[in-house]
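[1] just the structure for this:
(4 chains)
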Protein chains: 4
Amino acid sequence: MKKSTLALALVLGLAQLAIAQDKPKQNPESSEIWEPVPRVVTPGELSPGTASGTTAPSDAIVLFDGKDGSKWVSVKGYSPDAWGGVTEGSNPWPVRDGAMFSAKGASLRTKQEFQDFQLHIEFRTPDKVEGNGQGRGNSGIFLQGRYELQVLDGYNNPTYSNGMVGSIYKQAIPLVNPSRKPGEWQTYDIIYYAPKFNKDGMMAEMGKVTVLLNGVLVLNNFNIKGTTEYIGYPKVQAHGKGPLLLQDHGNPVGYRNIWIREL
Amino acid sequence: MKKSTLALALVLGLAQLAIAQDKPKQNPESSEIWEPVPRVVTPGELSPGTASGTTAPSDAIVLFDGKDGSKWVSVKGYSPDAWGGVTEGSNPWPVRDGAMFSAKGASLRTKQEFQDFQLHIEFRTPDKVEGNGQGRGNSGIFLQGRYELQVLDGYNNPTYSNGMVGSIYKQAIPLVNPSRKPGEWQTYDIIYYAPKFNKDGMMAEMGKVTVLLNGVLVLNNFNIKGTTEYIGYPKVQAHGKGPLLLQDHGNPVGYRNIWIREL
Amino acid sequence: MKKSTLALALVLGLAQLAIAQDKPKQNPESSEIWEPVPRVVTPGELSPGTASGTTAPSDAIVLFDGKDGSKWVSVKGYSPDAWGGVTEGSNPWPVRDGAMFSAKGASLRTKQEFQDFQLHIEFRTPDKVEGNGQGRGNSGIFLQGRYELQVLDGYNNPTYSNGMVGSIYKQAIPLVNPSRKPGEWQTYDIIYYAPKFNKDGMMAEMGKVTVLLNGVLVLNNFNIKGTTEYIGYPKVQAHGKGPLLLQDHGNPVGYRNIWIREL
Amino acid sequence: MKKSTLALALVLGLAQLAIAQDKPKQNPESSEIWEPVPRVVTPGELSPGTASGTTAPSDAIVLFDGKDGSKWVSVKGYSPDAWGGVTEGSNPWPVRDGAMFSAKGASLRTKQEFQDFQLHIEFRTPDKVEGNGQGRGNSGIFLQGRYELQVLDGYNNPTYSNGMVGSIYKQAIPLVNPSRKPGEWQTYDIIYYAPKFNKDGMMAEMGKVTVLLNGVLVLNNFNIKGTTEYIGYPKVQAHGKGPLLLQDHGNPVGYRNIWIREL
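    Okay, here's the model as predicted:
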């Protein structure tokens, strides 16, 4: 084959590639919604010197008490496919100052699986602000391992509204934005009822979630349509109980005081 | 008239009375439901020395800050009929130690009226336990002046389940009983969406309420059927905005840190 | 004993009876709600000569096809307690003109039990009007054997609104009254999702029902609080699948074209 | 320039093109969901010779009675933007055999606007099958002019599940597929409650829709997230009452027996 023939072949190959890219394609950006922008609310404060929400009620399962990370295991990636089948190791996230911090390359899931629950969890994005938008303090809490309640630095950090802190990722825009400053501990109080599926595998009843961020209502009985995808639309797949999953997204986000009550 | 005739007349009179009592009659007890009994949960605690929930977020209306009771006026009784038309005086409840305490004979309502809202309110039943059941630490928070979220000493104090603390009075049984001890401050966090009425005056959509008592879910998106009556069934009457009403039921119950966010 | 003494004894006896009646008591009347009265709507008509709704879709279970009543068995009474434990006989209701007619003393329940479903059923109250209010053409369809959708002659027949045709008995007032005349066939189209109970036996999610009467919406996604009692308040008891139950209330009410689709 | 250099330039150019296509882009296909495929149900039939659903109840507004199309006006396009501001002409759709047929280039909207309603409407896709997927018998019913209930030939006509007949376009997959054959009249019975918006313009409560297609439940109290876009995600914009809109999509789809009841 002559050089020019080779070049032509390359050209044609790339042309085909380009044409292929005109075919149906799903970009991350196509599922971003930037408006409306929830208005900013400064959340209230606990008494001076109080840095945490309440401790666990007596019927709660304490998932992290500030020291013991053994109720969690490591998973590679954070999609249902990923955590579904991959070999799991012990929890690799470092514990310091009573918190676990996300470590690159490993997300965490609980060993235990849950159906309907009330969940309290506290998080802290880095005090040293680096990056912006989705690159600043990004993590996430996956309900039943499938439905992500976004964790992100939401303080003066514009991003798409359905991907900000308080959103069900790329599904629900929070009612308001009650973010605390970077480096401050923040609380999520979550009420979750799992979706119901019928014998055909259709979602007969959507999952429902109510969320308070720093004590301020951001989602009220929101109906979850399906999985929270980075690219493309929510997917519906019948399932039973599922774990909690904490995402590592490359930013060291801390978690502490995690407890769950089965409803 | 002979004696026996008199006696017969008396007999017939009483017989009529007895028959009359077979006619429709509504007793308070007929709307009590005693089972199931929600299981007891010991709520979590804030850090030692912290006696209160969070202060108001920036978009909240502070209804009581520990000192100023001027956003409330006095009403006689606590039924919609009562507060609807009666002359109102200034707030007669004494303020001490940063709290307002219910005073005999006067309930309070806010001057302002509300539709959908998030409400935080703290209450304290007397530390000296007197009476029992509905007679111990009884008060109530009437949403839109019509729908009572019960306030009652719920610590080792058997009563009907749909009238205990955490209930929508005589309508909803709380999921669990996370009461604190008498004399301890307790928190209510309430999410309320008002009912919708159609042009016929029918309730097209029921009011909905989610309640956390001491941080523990007791009601989830509960559908309110109508007014919360002491005697008889819920009544449905179309209405617009309404006030908050704090009931005086003869027991000195304290309230503090009251804020509301319109949703 | 002298007459007057006898009379006195009678008096005292009745007085005791009267006093006894001051004690807590549950009357049927205490759960009647007479207002508002749903406005009358004249339903539409099928083409001339068409007397019935649609036949069953392919995935429906035909519970009565106009001839075969063998999918039903006899039960004594119609409370959950009654049908729960009583010896059952074969279906005693007479079949004529393609319909089954309720016969005194026996209600019917399906052999099969159901969870969530769409139900089509047609009924006919007697063309010869006898009695009034609850005494005219009274029957009922008990969803899962527990929750009664009222069947009653609703044509110029005043009764309490929460007990008229289209009501969930003593719980829900229908939005309007689209009754046909006595003796005419009427259709119910019902969408029902069963309540969900948690591990404590509490009703975590209420049952929900949408009802079209003669093609006109009378209930929209109504939340069912508990059993539909004649006397007293709805009761909550955890349960699984349940049968359909057709009530005999002493009036010969006809049923035909009954099919159900599991959802 | 040598041939090989030219070829390299071409290669690089195409590579740039390919990279450019990695930028945000919204394709119609990215919002298609092909699975699960609702199972086929054969709907029931009315009595032989009966071709229509019920006529209008007495409180309905008859929007088309088989003859008079004057309650509709012409609009260009069918997006909210289009019908919002464009000059409107009289209804150009031809009426024949008691039905209106969509005509190329013009969609229709009602002069009157609605909030919550029950809607009955019958449609008929062409009996001569042409095209496939979205190209066969395509039209649509836009609730409040914004939320499309899809109309499409659904008989042996594979397409994406969230775009088939019975779907809320690109939002909701119908529970089953009870389509009739091409050319046969089909019925939609729709219960719709409009979304509620708060003072911030956020959707405080989603719109809700229940749909029976040919008498078979396809959507139950489905929560509508926002507008039904061909390309991209649902949009949320606060609005009041809105019209019904019937879409012209280039296929002659017939409509008849249209009536609406305000709820």
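[2] where exactly do the helices run in the stretch 151-263 of chain A?
    Counting by DSSP state H, counting those that start in this stretch, the stretch 151-263 of chain A forms no helices at all.
[3] check the gap between the residue in it positioned nearest to chain D and A:S179 for me.
    Closest residue of the stretch 151-263 of chain A to chain D, C-beta to the nearest C-beta: A:N223 (4.2 Å). C-beta here means a position set from N, CA and C on the backbone, and glycine is covered the same way. Per C-beta to C-beta, to the nearest Å, A:N223 is found 24 Å from A:S179.
[4] low-confidence regions, the stretch 1-150 of chain A specifically.
    Residue ranges of the stretch 1-150 of chain A with pLDDT under 70: A:1-26, A:46-52, A:79-87.
[5] so what's A:D248 up against?
    A:Y78, A:S102, A:A103, A:K104, A:G105, A:A106, A:S107, A:L108, A:S139 (C-beta atoms under 8 Å, 6 or more residues apart in numbering or on different chains).
[6] mind checking which of those residues are buried?
    A:Y78, A:S102, A:A103, A:A106, A:S107, A:L108, A:S139 (16 or more other C-beta atoms under 10 Å in any protein chain shown).
[7] residue contacts, A:N91?
    A:G69, A:S70, A:W72, A:V73, A:S74, A:M100, A:L108.
[8] closest to C:L119 out of the contacts of A:D248?
    A:Y78 (42.8 Å; C-beta to C-beta).
[9] the closest one falls within a strand, correct?
    No. Going by DSSP: H, G, I helix; E, B strand; the rest coil, the assignment for A:Y78 is coil, not a strand.
[10] gap between it and A:L219?
    21 Å.
[11] around chain C, which positions in chain A sit nearby?
    A:D116, A:Y193, A:N198, A:K199, A:A204, A:E205, A:E262, A:L263 (C-beta under 8 Å from any C-beta of the partner chain).
[12] if we use 6 Å, what do you get?
    With C-beta under 6 Å from any C-beta of the partner chain as the criterion, chain A comes near chain C at residues A:N198, A:L263.
[13] so between A:N223 and A:S179, which is more surrounded?
    Neighbours around A:N223 and A:S179, counted as other C-beta atoms under 10 Å in any protein chain shown, are more numerous at A:S179. The numbers are 28 against 21.
[14] I'd assumed A:Y155 was in contact with the more buried one.
    Yes. Counting by C-beta atoms under 6 Å, A:Y155 is a contact partner of A:S179 at 4.8 Å.
[15] mind listing the strands for the stretch 101-250 of chain A?
    A:107-110, A:117-124, A:139-143, A:147-151, A:186-193, A:196-197, A:203-205, A:207-213, A:216-224, A:245-246 (DSSP state E, counting those that start in this stretch).
[16] for the ones you listed, give me TSV that also has distance to chain B.
    Output for these, formatted as TSV (distance: least, C-beta to the nearest C-beta, whole Å):
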stretch	distance to chain B
strand A:107-110	20
strand A:117-124	5
strand A:139-143	15
strand A:147-151	17
strand A:186-193	6
strand A:196-197	15
strand A:203-205	13
strand A:207-213	6
strand A:216-224	5
strand A:245-246	21
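[17] format the ones you listed as TSV; extra columns: distance to C:G44.
    Shown next, in TSV, are the strands of the stretch 101-250 of chain A (distance: least, C-beta to C-beta, whole Å):
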stretch	distance to C:G44
strand A:107-110	55
strand A:117-124	47
strand A:139-143	45
strand A:147-151	43
strand A:186-193	38
strand A:196-197	34
strand A:203-205	30
strand A:207-213	36
strand A:216-224	33
strand A:245-246	53
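[18] compare the ones you listed and give me the one nearest B:W93.
    Among these, strand A:216-224 sits nearest to B:W93 (C-beta to C-beta), with 28.1 Å.
[19] ok, residues contacting the closest one?
    For strand A:216-224, the external contacting residues (C-beta atoms under 6 Å, 6 or more residues apart in numbering or on different chains) are A:41, A:43, A:147, A:166, A:172, A:174-175, A:178, A:206-211, B:57, B:118, B:191, B:221, D:223.
[20] mind redoing it with 8 Å?
    A:38, A:41, A:43, A:147, A:166, A:168, A:171-172, A:174-178, A:195, A:206-212, A:234, B:57, B:118, B:191, B:193, B:208, B:210, B:221, B:261, B:263, D:204, D:206, D:223.
[21] give me the contacts around stretch A:105-117.
    A:61, A:63, A:71-78, A:83, A:88-89, A:91-93, A:100, A:102, A:144-145, A:190-194, A:240-248, A:260-263, C:198, C:204.
[22] from the residues you listed, which would you call buried?
    Buried members of those, scored by 16+ other C-beta under 10 Å, are A:63, A:71-75, A:78, A:83, A:88, A:91-93, A:100, A:102, A:144-145, A:190-194, A:242-248, A:260-261, A:263, C:198, C:204.
[23] surely A:M206 touches A:P195?
    Yes. Between A:M206 and A:P195 there is a contact at 5.4 Å, judged by C-beta atoms under 8 Å.
[24] nearest residue to the spatially most central residue of chain A other than its sequence neighbours?
    When C-alpha atoms, centre = their mean is applied to chain A, the residue found nearest the centroid is A:G140 (2.4 Å). Using C-beta to C-beta, 6 or more residues apart in numbering or on different chains and skipping the chain neighbours, the partner closest in space to A:G140 is A:Q247 (4.0 Å).
[25] on the pLDDT front, check whatever residue of the stretch 51-200 of chain A ends up closest to chain C for me.
    Residue nearest to chain C within the stretch 51-200 of chain A (C-beta to the nearest C-beta): A:N198, separated by 5.9 Å. Model confidence at A:N198, given as pLDDT, is 89.
[26] which residues does it contact?
    A:A204, C:D116, C:E262, C:L263, D:L175.
[27] and it, how far is that from D:Y160?
    Distance, A:N198 to D:Y160, using C-beta to C-beta: 21 Å.
[28] contacts only, for A:G183.
    A:R124, A:T125, A:P126, A:D127, A:K128.
[29] how many neighbours does the closest residue to the second one other than its chain neighbours have?
    Leaving aside its chain neighbours, A:T125 sits nearest to A:G137 (2.8 Å; criterion: C-beta to C-beta, 6+ apart). Each residue near A:G137 was counted by other C-beta under 10 Å, and the total is 27.
[30] and what of A:P178?
    A:P178 has 27 nearby residues by other C-beta under 10 Å.
[31] so it makes contact with A:V211?
    No. With contact defined as C-beta under 8 Å, A:P178 does not reach A:V211; the gap is 10.8 Å.
[32] what touches both of the two?
    Common neighbours of A:P178 and A:V211 (C-beta under 8 Å, 6+ apart) are A:G166, A:V218.
[33] near chain B, which residues of chain A are found?
    A:39, A:41-47, A:49-60, A:118, A:120, A:175-176, A:178, A:189, A:191, A:193, A:208, A:210, A:212, A:214-217, A:220-221, A:259, A:261, A:263.
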